[in-house]
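> take a look and give me a structure for this.
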Amino acid sequence: MGGPGDVIVSLDHRSPIPVFEQLRAQIERLIASGQLRAGTKLPPIRHLATDLGLARGTVNKVYDALARDGLVETAGRHGTIVLDAARSTSAPADLAAAADTLALVAKQLGLDATAAHRALDEATRRL
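This next block holds a predicted model:
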C-alpha cells in the first residue's frame, strides 16, 4: 500500500477494549490529527476487514459510527470519504476520551492510577 488514503492501524486482540472501539478510535484520531485529510477515500470495507482479520460487518459498523459522528460520508459504491475534521472534532475532547479509555482499562485490570500513568509514560516514549 503506502498511498495517501491508506489507513494505518493496529489492533490488539488481547486488549479488553473491543476491536470495534479500537478501530473506530484510531481512525477518528487519524482524521482529527489531519493524517487523513478531508476528501480522502477510506479503504473499502472488504479490504480493511481482510487486512485486519475482521468481519466485514465490524468494519461496516465502524464506518457507520464515524458517519454518524460527522467524520466521514458514505457514498455507497463510491466509497467512504473523510469530511472536514475541524468542524466535528477537537483535540482536547479526543484526549479526554482517550484518558477515559485508559482509566477504564486500568480499572478493569485491577490497576491503580500509578500503573496507568506509568503505562502512558512508556507509550509516549515509544512513540
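
> residues near Thr40, how many?
By the measure other Cβ atoms under 10 Å, the count of residues near Thr40 is 19. The way it works is simple: take the backbone N, C-alpha and C, and place the C-beta from them, glycine included.

> equivalent analysis for Val82, please.
Around Val82 there are 20 residues (other Cβ under 10 Å).

> once you drop chain neighbours, what's closest to it?
Thr40 (4.5 Å; Cβ to Cβ, 6 or more residues apart in numbering).

> show me where the protein dips below the pLDDT cut-off.
Confidence mapping of the chain against pLDDT under 70 gives the ranges 1-7, 85-91.

> which helices and strands does the longest helix along it pack with?
Scanning the chain for the longest helix, with DSSP state H as the assignment, gives helix 91-108. Packed against helix 91-108 by the contact rule (3 or more Cβ pairs under 8 Å, 6 or more residues apart in numbering; DSSP states H and E) you find helix 19-32, helix 113-126.
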